[in-house]
Every structure is written in structure tokens, then in C-alpha cells.
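Novice: this is the structure alone, sequence omitted:
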């Protein structure tokens with residue numbers, strides 16, 4: 001008899017005409033039995049009793065393994081699946097320490113306030129005697145903050161508050177810091193790119209200040225499954241970490257289906273390219289079918305508006321089948337109050353709601369588990385996020401469940417649905433960050449110097465030679481003063497308030513509703529021309545607005561509320577010059593480089609598109625050019641090699657620009673498979689003859705000043721990355737290129753010229769020279785190319 005997941009999948013496929021199945025792969029994942037172990041002998045009886053009362057009769061093996069590492073004084077990262085009970089792995093040693101030593105303290109850090117609040121509720125609910133847990137974040141009333149500093153022994157906070165509220169005022173936290181025994185860093189895989197680099201240096205600042213008061217806390221990190229959790233955690237912490245990766249928790253069996261929406265005959269995209277049925281429309285229909293079956297289902301959609309439209313589409317389908325079911329579908333987005341979130345949890349748990357369309361707001365901090373089905377509409381950016389979302393299905397271990405991944409019109413999604421082992425087997429992505437980025441190092445070292453004088457010894461933990469170079473430059477500019485015992489901050493004003501750890505700095509552009517004068521949000525200055533140009537659709541808390549005017553000098557974007565039935569995508573033109581080559585690998589006719597580049601870009605217009613993907617029109621804009629100094633990975637190909645490319649007489653000179661352009665677009669789309677980034681975090685340029693290299697060149701660059709580690713990751717994984725890029729193009733069924741393979745939504749050249757077959761030929765030539773050893777990217781067997789998570 002078919003299991004529950006397979007039965008639901010058959011029901012969803014029931015309306016698909018024979019021979020037109022959108023499925024590219026299905027896999028039955030068997031249930032995993034629990035591996036319980038006895039409570040460790042070092043755990044105090046009050047702690048064990050509290051956890052047993054909570055319902056934990058015995059811990060699972062990975063929980064005790066990680067907890068024992070921490071109890072013995074080793075930094076540890078526990079990297080296991082969703083709902084594997086990672087919280088007990090840090091609760092056990094922390095609660096034991098607070099019980100054994102009444103003066104001990106602990107700090108918990110989470111990327112979101114919602115997750116921190118849930119974990120605080122969980123610890124408080126245990127009722128362990130002597131544990132005084134409290135939150136210290138932006139929502140903590142001023143009157144309570146003094147009590148937290150004076151009395152709490154487990155403080156729940158986030159990196160932003162640690163940066164702005166604790167470390168600048170460390171003298172007021174002496175009681176807490178001098179007895180700091182443990183620091184918990186939850187969901188540590190979310191700290192990547194520029195934000196991750198800031199957090200890495202923030203944790204080094206915390207360790208330095210704690211050591212100043214005689215403490216040397218043990219760090220316990222919790223991570224989703226990534227390629228090398230020990231290396232990722234060590235890069236984040238700046239110290240070696242033990243890794244616990246064998247998951248001892250039970251898991252329900254599940255049917256995983258990979259689903260590629262069909263190409264539509266009656267719609268055309270840009271330059272006449274075919275368009276697939278949108279992932280959102282497909283997901284709405286799947287969700288409706290699941291609700292008809294009475295299956296409690298969750299659909300993850302990438303944008304707030306997308307979640308609203310998916311719920312609306314499902315309700316529309318249901319109203320034609322059974323009007324009573326339409327009210328049992330809802331949309332959920334971030335920004336809800338805690339009581340609203342709890343009400344939603346209750347409605348889903350009770351079955352009052354059967355279908356929920358949501359953004360990744362439900363990834364963290366909302367307790368909705370044990371669902372019958374999860375639909376993931378579009379790859380969420382990382383495999384960690386994908387499995388975090390998929391893990392909502394069958395989480396309680398009782399009954400089989402269905403997980404459907406619906407591909408968007410995107411090269412990475414195309415690759416994944418045609419290479420199932422890249423999704424279902426060992427992950428190949430690594431959490432990428434670069435704490436030595438000078439654009440991150442300088443503001444962090446300014447904060448560190450304002451907290452305590454910098455010494456030559458302390459600079460080692462901040463990056464050694466890279467940190468020393470930044471400090472010497474700051475000293476030359478009199479931002480720091482050199483004295484015999486170190487470098488001192490020279491200003492009376494602390495720098496912390498001017499350092500945005502979640503962005504790349506600079507004065508933010510404020511988005512204001514023109515009619516009411518209400519401030520809706522802020523946009524990074526480097527992104528303003530892209531996100532809030534005149535005519536752009538701006539989303540805030542699930543509501544849509546259209547930008548009337550962008551004033552870059554005043555730092556203002558004026559908007560009005562509107563619900564257009566189209567979206568906007570900015571287009572830019574770009575030029576790139578090589579500043580410095582940092583690493584180079586030379587082959588016969590091909591060179592692969594990593595280096596510093598200067599990118600000059602200018603937003604020149606935007607496209608208006610219907611949800612179907614159909615282009616309404618292209619609107620020109622006149623905005624200033626912007627310059628970005630960052631890092632890039634690039635490869636050059638000689639004219640001789642291009643002339644000998646597969647396919648008859650090779651690539652003629654007239655085809656080379658379109659071929660390189662196609663290879664560039666697809667490479668940008670596939671890099672997130674190897675580096676935890678989004679395609680919007682990176683950019684690219686291709687040219688048949690570049691002035692600095694003298695040859696045909698394809699560049700892929702970081703979108704952040706100084707780089708965020710993404711280009712470095714591309715350089716270190718260049719062969720598997722380009723193999724995946726080639727496979728994504730070749731797997732697409734379109735005749736000459738479409739958004740699923742070589743068209744880019746942000747191309748300033750209007751995706752012209754593009755030569756799909758030429759792109760495959762370029763990659764064949766490059767891989768024929770560079771990739772003599774065939775790399776199996778799908779199983780993570782990529783040799784030395786995947787070894788480096790960060791690079792100085």
C-alpha cells in the first residue's frame with residue numbers, strides 16, 4: 001500500500017494530462033529511528049528532572065555528545081537536521097553550570113527576536129531552580145534593563161544588541177561578564193556574507209572583553225546541515241570547534257518530489273523567449289489539491305506578496321470545488337505580534353487551518369510541526385533553508401509526509417530539479433564569510449579600540465597582518481593613537497552607533513509614504529538605485545507601494561500605496577577593471593583568477609512584468625553611475641581555444657559575445673549552490689576582449705564593498721561550479737535560452753546578445769582544459785576545491 005506522502009502526490013498529479021508530468025524526480029526517504037542514550041552522569045538531578053517533566057525521557061545521542069563537549073570545555077557546533085532537538089544540546093550544559101555554580105552566567109544569541117523569545121519561553125517553562133533567564137533586546141523596557149544587568153544569569157539577546165548595548169557599556173556588565181561560562185550562538189549558518197563577517201568580529205570582541213574580566217566562555221553553536229560545519233564555526237568564532245553531525249533524532253518517512261512547471265505556448269518573455277508557468281501559480285494549485293484531501297499543508301514562497309497571491313489563488317480554486325474550504329487557507333508573513341503568531345500555530349495544530357502560504361518568516365521561531373505536506377516554491381537560497389522548510393513535514397516522527405520542490409524560472413532551480421542528488425545528498429554549500437574584509441574590519445576595530453585598547457596580541461584574533469594594516473592606516477588618519485601599550489580610540493564619541501552590522505555602511509536611504517509622512521523603512525545606499533528608483537514597486541510588511549521619487553542627495557525615497565498587478569526589475573550597465581590579481585591558476589589557453597576589481601555600474605531602466613513572467617514594457621531611467629571596489633573571480637579564454645570549440649568550426653567571432661554572456665548569466669545563477677549567497681548578492685561582466693586581460697573574459701564579482709567571500713568561494717570551487725553551470729544550461733528544454741537557463745532578470749543589455757549553445761561550448765572548452773579530473777558536484781566529491789571556507 002502506498003504511503004501517505006505518495007498518496008498525496010498521486011492526488012496532486014491526478015489532473016495532469018498523460019505524458020505531461022512536471023515531475024523530474026521522486027524519492028522515498030525511509031523513516032529514521034531514534035537513537036536515545038542515558039543522561040550523562042555530570043548532569044545535576046534538578047536539571048534532568050525538569051527535562052524529564054517536559055517529556056524528554058531520554059536524550060538523543062547527538063544531544064549528549066555535543067553537551068559533553070561543551071561541559072568538558074571545548075567549543076562545539078551541533079549541525080543536525082530540523083527538529084532534531086539542538087536546543088537541548090546547549091540547554092543541558094548551560095542549565096547544569098547555572099545549577100552547580102550560582103554565580104555563573106550565560107549568554108544566548110539568535111539572529112531574530114522571535115526565535116530568542118521562543119527559546120527564552122522554553123527555558124523559563126522548565127522551572128529549574130536558581131535560573132534567572134531574561135531577554136535583553138531592543139524591546140526590553142528601559143526599567144527592566146538594569147534588573148537584567150544586575151540579576152539575570154542567562155541573558156537572551158541578539159548580535160545587534162550585543163554590539164550596541166552590551167559591549168560599548170561593558171563596565172556596567174562586569175558582574176555578568178566576569179562569570180560568563182557559556183555563549184550560545186543559535187542558527188549560526190545564517191551568519192554569512194557581510195553580516196556574517198561583522199558577527200565573526202563581534203564574537204572576537206566579546207571574547208576579548210570577557211577575557212579582560214577573567215572569563216573564557218565556552219561557545220556552543222547550533223547549525224543546519226552544511227558542507228563543513230567545523231570549519232564554518234571556526235571561521236565565525238576565530239577558534240577551533242568540535243563538530244557533532246550524526247543525527248540521533250527520529251524522523252518520519254517522506255516522499256520528496258521535484259517539480260518543473262511546463263513551458264507555456266501562449267506567452268512570451270523578453271526577446272520572445274518561452275516562459276514557464278510561475279512557481280507561485282503552480283504552488284497555489286498544489287496547495288488547493290492538498291487542502292481538498294484534508295492534508296495540513298504549508299507552502300513556502302519567496303516574497304510576502306507571493307505568499308499572499310498563492311493563498312489567494314488556492315482560495316479561488318477551492319471556492320469552485322467546495323466553498324467551505326476556502327476559509328481554511330491563509331497567508332502568513334513576518335511582522336506579526338507574538339499573540340497573532342500563537343493564534344496561527346493553534347489554528348494549524350487544531351486543523352482549523354489546513355493550508356498556509358508563507359515566507360521564510362516561518363523558518364525560525366514558530367512552532368508548527370508534524371504537517372502532512374510542505375511545498376517549497378522556488379529554491380530558498382541555501383540547502384540549509386530548504387531542509388529547514390521541508391523539515392516541517394512529518395516532524396513529529398508519526399506518519400509519512402510529502403515534500404514538493406517547485407522550480408522557479410531560474411538557472412539554479414533548473415539545475416536542482418534535473419540533478420536531484422544535489423538536493424537530496426550531501427550538501428556542497430559552505431557558509432561563506434570574510435572577517436578580513438577591510439570595509440568590515442575598520443569599523444569593527446574602531447569599536448574594539450573604543451571598548452579596550454588594541455594590542456599587537458589582540459590583533460592576531462582580528463586577522464593578524466590584515467588587521468595590522470587597517471590599524472596602521474587608521475593611526476595615520478588619527479582615528480587611533482599609538483602608545484607603548486597599544487592603540488587607543490581618539491574620540492569622545494563611541495563609534496558603535498554608526499556601525500551597521502547588517503549592511504555595508506553609509507547613510508541609509510529612508511523610504512517615506514508621501515501622503516502621511518510615515519517612515520516605512522530604509523535601504524542600503526548601494527542598493528537604492530536598484531530597489532527604490534522612480535517607478536519601482538516597494539514591499540513593506542506585505543503591503544505594496546510605488547516609488548514616486550528617489551532623491552539620493554537628501555537620502556529620501558517618496559512612495560505611495562498602490563497594488564499594481566505587475567512587478568519591477570531594474571536593469572543596469574556595467575564596466576569592470578582589474579585592480580589587483582590575488583591568486584591565479586594558468587592552464588593551456590585558460591587562466592582562472594581571484595582579485596580585487598573596480599565595478600562601475602549605472603541603473604539605466606526597469607522592466608515591468610506580469611506575475612506570469614510576461615514583459616509589459618521597458619522604462620528608461622537617468623541615475624548616476626556608482627563605483628564599487630570589491631573582489632571577483634574570472635576566467636579568460638584564448639581566441640585559439642574559442643575557435644576550436646565543439647560544434648563544427650568552433651565559435652566564430654560574431655558568436656563569442658553572446659556565448660560568454662550566456663555562460664556569465666548561468667554562472668551567476670549557480671554560484672549560490674556553492675556559496676551561501678543569493679544571485680542578487682553577486683554580479684557579472686563578460687566581454688570578448690577585456691582591456692586588462694587582453695582576452696575573452698567572464699567576471700563574477702561580489703556585490704559588497706571589499707567582498708563578502710563569495711568570489712573566493714567561486715575560485716576555490718571553480719570546476720564543480722562550472723560543471724553545474726553547464727549542466728543547468730544543457731538540461732533546459734527551451735530552444736535558444738530563457739529565464740530558466742541563460743536569461744537574467746537584471747541584465748542591463750536586455751539579455752541581448754545571448755547564445756545558449758555557445759554558452760555550453762565555452763564551458764566545454766574551459767572545463768576541457770581546467771577540469772581534467774571530472775568532479776562529481778552532486779555528491780560533494782570535489783577534492784581540494786571545497787576545502788576552503790574563508791580565505792585571507
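Specialist: Yep, that arrived. Because the structure is predicted, anything quoted here is derived from the model rather than measured.
Novice: just grab the bridge partners of residue 107 for me.
Specialist: Beta-bridge partners for residue 107, by DSSP bridges, are residue 155, residue 183.
Novice: quick one, what contacts it?
Specialist: For residue 107, the contact set (Cβ atoms under 8 Å, 6 or more residues apart in numbering) comprises 154, 155, 157, 162, 180, 182, 183, 184, 206, 217. For the C-beta atoms, the positions are set from N, CA and C on the backbone; glycine is no exception.
Novice: again, but for residue 258
Specialist: With contacts defined as Cβ under 8 Å, 6+ apart, residue 258 is in contact with 23, 24, 25, 26, 405, 407, 416, 417, 420, 423.
Novice: got it, and residue 65?
Specialist: Residue 65 makes contacts with 244, 246, as judged by Cβ under 8 Å, 6+ apart.
Novice: pull up the gap between it and residue 122, please.
Specialist: Distance, residue 65 to residue 122, using Cβ to Cβ, to the nearest Å: 21 Å.
Novice: now for residue 664, how many residues are close by?
Specialist: Counted by other Cβ atoms under 10 Å, the residues lying close to residue 664 total 27.
Novice: which residue packs closest to it, ignoring adjacent ones?
Specialist: Using Cβ to Cβ, 6 or more residues apart in numbering and skipping the chain neighbours, the partner closest in space to residue 664 is residue 686 (4.0 Å).
Novice: cool, and residue 245?
Specialist: residue 79 is the one closest to residue 245 (Cβ to Cβ, 6+ apart), at 5.2 Å.
Novice: please tell me I have it right and that neighbour contacts residue 224.
Specialist: Yes - judged on Cβ atoms under 8 Å, residue 79 makes contact with residue 224 at a distance of 6.8 Å.
Novice: where do the contact lists of the two overlap?
Specialist: Common neighbours of residue 79 and residue 224 (criterion: Cβ under 8 Å, 6+ apart): residue 189.
Novice: so residue 102 sits in a helix?
Specialist: No - counting by DSSP: H, G, I helix; E, B strand; the rest coil, residue 102 falls outside a helix, being coil.
Novice: and it, what does it touch?
Specialist: Contacts of residue 102 by Cβ under 8 Å, 6+ apart are 130, 153.
Novice: and for residue 631?
Specialist: For residue 631, the contact set (Cβ under 8 Å, 6+ apart) comprises 582, 594, 595, 596, 597, 701, 702, 706, 707, 711, 712.
Novice: surely the third one meets residue 578?
Specialist: When you say that, I think you mean residue 595. Yes - Residue 595 is in contact with residue 578 according to Cβ under 8 Å; the separation is 6.0 Å.
Novice: for the chain, where's the lowest mean pLDDT among helices and strands?
Specialist: helix 338-350 (a mean of 75; mean pLDDT, DSSP states H and E).
Novice: so which pair among the contacts of residue 107 is furthest apart in space?
Specialist: Using Cβ to Cβ, the contacts of residue 107 span at most 15.7 Å, a distance reached by 154 and 206.
Novice: for stretch 345-359, how far is the first residue from the last?
Specialist: With Cα to Cα, to the nearest Å as the measure, stretch 345-359 spans 15 Å from end to end.
Novice: show residues contacting that stretch.
Specialist: By Cβ under 8 Å, 6+ apart, the list of residues contacting stretch 345-359 from outside reads 283-284, 287-288, 290-291, 294-304, 306-308, 310-311, 314, 325, 328-334, 344, 362, 366-368, 371.
Novice: could you flag which of those are buried?
Specialist: 283-284, 287-288, 290-291, 295-304, 306-308, 310-311, 314, 325, 328-334, 344, 362, 366, 368, 371 (16 or more other Cβ atoms under 10 Å).
Novice: of the residues you listed, which belong to helices?
Specialist: Counting by DSSP state H, the part of these found in helices is 283-284, 287-288, 290-291, 304, 306-308, 310-311, 314, 325, 344.
Novice: output the below-cut-off pLDDT ranges for the stretch 1-150 of the chain.
Specialist: Along the stretch 1-150 of the chain, the parts satisfying pLDDT under 70 run over 1-2.
Novice: quick one: the strands in it, in order.
Specialist: Along the stretch 1-150 of the chain, counting by DSSP state E, counting those that start in this stretch, strands occupy 23-29, 76-79, 105-109, 133-135.
Novice: paired strands for the shortest one, with orientation please.
Specialist: Just to be clear, that refers to strand 133-135. If you go by DSSP bridges, strand 133-135 pairs up with strand 154-157 (parallel).
Novice: which of the residues in the strand it pairs with are buried?
Specialist: Judged by neighbour count (16+ other Cβ under 10 Å), strand 154-157 contains these buried residues: 154, 155, 156, 157.
Novice: farthest-apart pair in those residues, please.
Specialist: Pairwise distances among the buried residues of strand 154-157 were taken by Cβ to Cβ; the largest, 10.5 Å, belongs to 154 and 157.
Novice: what do these two both touch?
Specialist: Shared contacts of residue 154 and residue 157, defined by Cβ under 8 Å, 6+ apart, are found at 107, 108.
Novice: what bridges to the residue nearest to residue 245?
Specialist: Going by DSSP bridges, residue 79 forms beta bridges with residue 223.
Novice: tally of neighbours for it?
Specialist: Number of residues near residue 79 (other Cβ under 10 Å) recorded here: 28.
Novice: which residues of the stretch 151-300 of the chain fall in strands?
Specialist: Using DSSP E, counting those that start in this stretch, the strands of the stretch 151-300 of the chain run over 154-157, 180-185, 218-223, 242-244, 254-259, 263-268, 274-276, 297-301.
Novice: which of these has the lowest average pLDDT?
Specialist: Per-stretch mean pLDDT for the strands of the stretch 151-300 of the chain is lowest at strand 263-268 (a mean of 79).
Novice: quick one: buried residues of that one?
Specialist: 263, 264.
Novice: before we move on, back to that, could you dump the buried residues of strand 154-157 to JSON lines with distance to residue 717?
Specialist: Below are the buried residues of strand 154-157 laid out as JSON lines (distance: Cβ to Cβ, whole Å):
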{"residue": "154", "distance to residue 717": "40"}
{"residue": "155", "distance to residue 717": "39"}
{"residue": "156", "distance to residue 717": "37"}
{"residue": "157", "distance to residue 717": "35"}
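Novice: between those residues, which sits nearest residue 763?
Specialist: Residue 763 has its nearest neighbour among the buried residues of strand 154-157 in residue 157, at 46.9 Å by Cβ to Cβ.
Novice: how close does the closest one get to residue 185?
Specialist: Distance from residue 157 to residue 185, counting by Cβ to Cβ: 11 Å.
Novice: chain center to stretch 266-275: distance?
Specialist: The gap between where stretch 266-275 is centred and where its chain is centred comes out at 30 Å by Cα atoms, centre = their mean, to the nearest Å.
Novice: residues contacting that stretch, please?
Specialist: Against stretch 266-275 from outside (Cβ under 8 Å, 6+ apart): 263-264, 409, 607, 612-615, 734-739, 743, 750-752, 754.
Novice: for it, which positions count as buried?
Specialist: By neighbour count with 16+ other Cβ under 10 Å, stretch 266-275 contains the buried residues 269, 270, 273, 274, 275.
Novice: need the nearest residue in space to the fourth one, chain neighbours excluded.
Specialist: In this case it means residue 274. Distances taken as Cβ to Cβ, 6+ apart place residue 263 nearest to residue 274, at 4.6 Å, with adjacent residues excluded.
Novice: beta partners for that neighbour?
Specialist: Counting by DSSP bridges, residue 263 forms beta bridges with residue 276.
Novice: you'd agree it is up against residue 735?
Specialist: No - between residue 263 and residue 735 there is no contact under Cβ under 8 Å: 10.0 Å.
Novice: returning to what we had before: wait, which of the contacts of residue 258 is closest to residue 512?
Specialist: Ranked by distance to residue 512 (Cβ to Cβ), the contacts of residue 258 are led by residue 407 at 37.6 Å.
Novice: give the contact list for that closest one.
Specialist: By Cβ under 8 Å, 6+ apart, residue 407 lies in contact with 258, 259, 260, 261, 279, 378, 379, 413, 414, 416, 417, 740.
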